[in-house]
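A.B. asks: structural data only, the sequence is not supplied:
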């Protein structure tokens, strides 16, 4: 078709389409022509018509017309080219024109030109071009009024006036541009020169048609992106128009009756402008609320599938709101002493801890007898029954908590902590006595108005239990890791940055970053988290343990999070290479500019495997450094030692709560067997404990080991021994 040489009606060209039914036609393109190929020959279809038009022109115009007439006069399909208002071309729209003389005068007025005059032999910087100067000038569009070298010199003058730097015109065969100016001016000049060079190297700037595929790809029109933008714009317009449409036009609807005792107004305030608005944008639906009479939420959708999805999300939001009021179970239990620790009465030892804003009362058994007195043969059965009863009560509370875990965007963890359980709110003994009967004390601690806290195993830089752990065959080799907690307070509550580190095998002084989390503390208290479950198990005269599940909100304020991200990237740690045995000192490195930073905690963690299980036992040393106007103290205000036991598979399951949106559900079943499977296949070992009973046996075994260690350390000198783990016989401080 393009080889046709006869007469042709131009009006019929638009009707000629390609065989593949594309949008390309044989007619002249409707897009604006490229200004660098703006041919002025007539729109005739053959040479005879073109010559007839040329002969009708004045003689002085014929030369310009024939000089630009292409040798191939057949119709051509022009490539799509970017608009002339994009990229570097917009800032160099006079690239083929002679630069005004006042531009050159402005160059002479630059401060960089004075630097050039004073020190011509030593430029401040250099820029290396991809081609020599004369090759670059030859690639410029031809202008018969000035030489290519002069045209390129004028462009360098424009770069000088726009950036403030001065560029010396090089020799023709030179690849280097010498630049004078400040560092900022030099950087701008280099960027502008690089953009100009890429522009010159692009297609259409010379008859040689240089090839620069990355440059072409960067400036090419992405039809897929354009199509996506068009479809997204149409979708948004449709959604906006739909919001004002009549609800009766939607064929599918459902109603959610609001539960008694829960305020619909609070639900609307929490979710309507956020979660529900995103649901309206995602699905073609109406969500309205009836606040009078029978309180309900009405859903109207265009399709049945959309109705099910929106219904399930709203039902999940309602369950999450109901669960908020039921979460936060606390309980304290006290077990009868065993047959070897028989006692009839107990007292309270009052202790004041400077790092806690309360006074603690630690129960102590009175009149301990290691052999059962006459008439107490039934005591072992009573002790065993009480232990079984408290295990079942804990199991029931844990099952209830897991079944009601309707959370979203939360960082959730489940642990068993070991330490001294003290009472902070209690009832005095009856009849004004100083001691309790054992049965009286056990009944008292179970009252709902009694409060208890877990105190650390020890305080201070010295902790001989670390050396004692090295002598126990039940625990494996420890792995050392670290964590930093930065606590902020502001107008919107408290915020905590958690940054975890693991040891590096390449450079021990530079640990690897394992995790970074920004958490929003739910109770608006410094360093606190939302308590989902906390059950204290107290044993008179022994180390106690606490079964706890805590949650903290994932910080969602993207505007503030962008500002804080710079802080989290700069916070670093240079840990001590002595494990948990090191002198009190600050190891965190961070910018001291944030005045909202109130406290920083350096946590050193020793992780042990326990027997042949998949459980993890941790001893954690926490050094707390208070902040004063963003400046950290060089010495920690307090050092605490705690111990926890858990299974790492729990963390993997709980991590799903951090990644789901409000109203969505986790993949695993909300049941106790998810975390404590009843049946374990020996051929397919699991990373979970082999049932709840087996796990509680492990907890009480560790409790007994810690009790034996604390008793041995309190009755003898500190243990320092050359053990199988390489302790050097002395604690280094």
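C.D. replies: That came through, no problem. All values derive from a computational prediction rather than experimental measurement.

A.B. asks: where does the stretch 451-600 of the chain have low pLDDT?
C.D. replies: By pLDDT under 70, the weakly predicted segments of the stretch 451-600 of the chain are 462, 490-493, 521-529, 558-563, 592-595.

A.B. asks: mind listing the helices for it?
C.D. replies: 465-469, 558-570 (DSSP state H, counting those that start in this stretch).

A.B. asks: what packs against the helix or strand encompassing residue 265?
C.D. replies: Applying DSSP states H and E as the criterion places residue 265 in helix 264-271. Applying 3 or more Cβ pairs under 8 Å, 6 or more residues apart in numbering; DSSP states H and E, one finds that helix 264-271 makes contact with helix 304-326. (Glycine included, C-beta is placed from N, CA and C.)

A.B. asks: would you mark the buried spots in the helix it packs on?
C.D. replies: Neighbour counts over helix 304-326 (16 or more other Cβ atoms under 10 Å) mark 306-307, 309-311, 313-314, 316-318, 320-321, 323-324 as buried.

A.B. asks: could you do stretch 468-478 as well?
C.D. replies: In stretch 468-478, counting by 16+ other Cβ under 10 Å, buried: 468-470, 475, 478.

A.B. asks: contacts for the helix or strand following the helix holding residue 265, please.
C.D. replies: Scanning forward in sequence from helix 264-271 by DSSP H and E, the next helix or strand is helix 275-282. The contact list for helix 275-282 (Cβ atoms under 8 Å, 6 or more residues apart in numbering) reads 239, 243, 285-287, 310, 313-314, 317, 661-663.

A.B. asks: give me the lowest-pLDDT entry from the residues you listed.
C.D. replies: On pLDDT alone, residue 243 ranks lowest of those, at 59.

A.B. asks: show me where the stretch 601-733 of the chain dips below the pLDDT cut-off.
C.D. replies: Along the stretch 601-733 of the chain, the parts satisfying pLDDT under 70 run over 629-632, 680-685, 715-733.

A.B. asks: ok, residue 311 to residue 396 distance?
C.D. replies: For residue 311, the distance to residue 396 equals 32 Å [Cβ to Cβ, to the nearest Å].

A.B. asks: likewise residue 617?
C.D. replies: 26 Å.

A.B. asks: show me which of these two is the more surrounded one.
C.D. replies: Each of residue 617 and residue 396 has its neighbours counted (other Cβ atoms under 10 Å); residue 617 has more, 26 against 11.

A.B. asks: not counting its neighbours along the chain, what's nearest that one?
C.D. replies: Sequence neighbours aside, residue 608 is the residue nearest to residue 617 in space, at 4.5 Å (criterion: Cβ to Cβ, 6 or more residues apart in numbering).

A.B. asks: now do residue 190
C.D. replies: In space, residue 190 is closest to residue 127, 5.1 Å off (Cβ to Cβ, 6+ apart).

A.B. asks: hey, what's that neighbour bridged with?
C.D. replies: Beta-bridge pairing of residue 127 under DSSP bridges involves residue 177.

A.B. asks: again with residue 253
C.D. replies: For residue 253, the beta-bridge partners are residue 300 (DSSP bridges).

A.B. asks: how many residues are close by it?
C.D. replies: Using other Cβ under 10 Å, residue 253 has 15 neighbouring residues.

A.B. asks: give me the most central residue, the chain.
C.D. replies: Taking Cα atoms, centre = their mean as the criterion, residue 517 is the residue nearest the geometric centre of the chain, at 6.3 Å.

A.B. asks: that one reaches residue 411, doesn't it?
C.D. replies: Yes: the criterion here is Cβ atoms under 8 Å, and residue 517 meets it with residue 411 at 6.2 Å.

A.B. asks: overlap of the contact sets of those two?
C.D. replies: By Cβ under 8 Å, 6+ apart, the residues touching both residue 517 and residue 411 are residue 554.

A.B. asks: just list what the biggest strand by length in the chain packs against, helices and strands only.
C.D. replies: Longest among the strand segments of the chain by residue count, using DSSP state E, is strand 410-425. Counting contacts by 3+ Cβ pairs under 8 Å, 6+ apart, strand 410-425 is packed against strand 359-366, strand 451-455, strand 530-539, strand 544-554, strand 638-647, helix 648-654, helix 692-715.

A.B. asks: give me that answer again for 6 Å
C.D. replies: Packing contacts for strand 410-425, counted by 3 or more Cβ pairs under 6 Å, 6 or more residues apart in numbering; DSSP states H and E, involve strand 359-366, strand 451-455, strand 544-554, strand 638-647.

A.B. asks: chain center to the second one: distance?
C.D. replies: On the basis of Cα atoms, centre = their mean, to the nearest Å, the separation between the geometric centre of strand 451-455 and that of its chain is 33 Å.

A.B. asks: dump the residue contacts of the closest residue to residue 152 other than its chain neighbours.
C.D. replies: In this structure, residue 152 finds its nearest non-sequential neighbour in residue 137, 4.0 Å apart by Cβ to Cβ, 6+ apart. Contact partners of residue 137, counting by Cβ atoms under 6 Å, 6 or more residues apart in numbering, are 148-149, 152.

A.B. asks: just the buried residues out of the residues you listed, in ChimeraX syntax.
C.D. replies: In ChimeraX syntax, the buried subset of the contacts of residue 137 is picked out as below (16+ other Cβ under 10 Å):
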select :148,149,152
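
A.B. asks: among the contacts of residue 137, name the ones in helices.
C.D. replies: Of those, the ones assigned to helices by DSSP state H are 148-149, 152.

A.B. asks: now, which of those sits nearest residue 693?
C.D. replies: Set against residue 693, the nearest of the ones in helices among the contacts of residue 137 by Cβ to Cβ is residue 152 (85.3 Å).

A.B. asks: measure residue 430 to residue 444 for me?
C.D. replies: Distance check for residue 430 against residue 444: by Cβ to Cβ, it reads 10 Å.

A.B. asks: of those two, who's got more company?
C.D. replies: Neighbours per residue (other Cβ under 10 Å) separate residue 430 from residue 444, with residue 444 holding more: 18 against 10.

A.B. asks: need the three-state assignment for that one.
C.D. replies: The three-state label for residue 444, taken from DSSP: H, G, I helix; E, B strand; the rest coil, comes out as helix.

A.B. asks: show the backbone phi and psi for the nearest residue to it once chain neighbours are set aside.
C.D. replies: Among residues not flanking residue 444 along the chain, residue 427 sits closest, at 5.2 Å (Cβ to Cβ, 6+ apart). Reported as degrees, to the nearest 10, the phi and psi values for residue 427 are phi -110, psi 130.

A.B. asks: how far away is residue 427 from residue 446?
C.D. replies: 11 Å.

A.B. asks: next: residue 510.
C.D. replies: If you measure residue 510 against residue 446 using Cβ to Cβ, the figure is 51 Å.

A.B. asks: likewise residue 657?
C.D. replies: With Cβ to Cβ as the criterion, residue 657 and residue 446 are 31 Å apart.

A.B. asks: which one's more surrounded, these two?
C.D. replies: residue 657 (19 against 14).

A.B. asks: wait, that one touches residue 413, no?
C.D. replies: No: if you go by Cβ atoms under 6 Å, residue 657 and residue 413 don't touch, sitting 10.3 Å apart.

A.B. asks: please parse the chain into its domains.
C.D. replies: Domain assignment for the chain by automatic domain parsing gives 10-68, 87-219, 224-326, 332-715.

A.B. asks: residues contacting the residue nearest to residue 617?
C.D. replies: The contact partners of residue 608, taken as Cβ under 6 Å, 6+ apart, are 475-476, 478, 617.

A.B. asks: quick one on the thing from earlier: would you turn the contacts of helix 275-282 into a markdown table with distance to residue 704?
C.D. replies: A markdown table is the format used below for the contacts of helix 275-282 (distance: Cβ to Cβ, whole Å):
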| residue | distance to residue 704 |
| --- | --- |
| 239 | 63 |
| 243 | 65 |
| 285 | 59 |
| 286 | 62 |
| 287 | 56 |
| 310 | 54 |
| 313 | 48 |
| 314 | 50 |
| 317 | 46 |
| 661 | 45 |
| 662 | 44 |
| 663 | 45 |
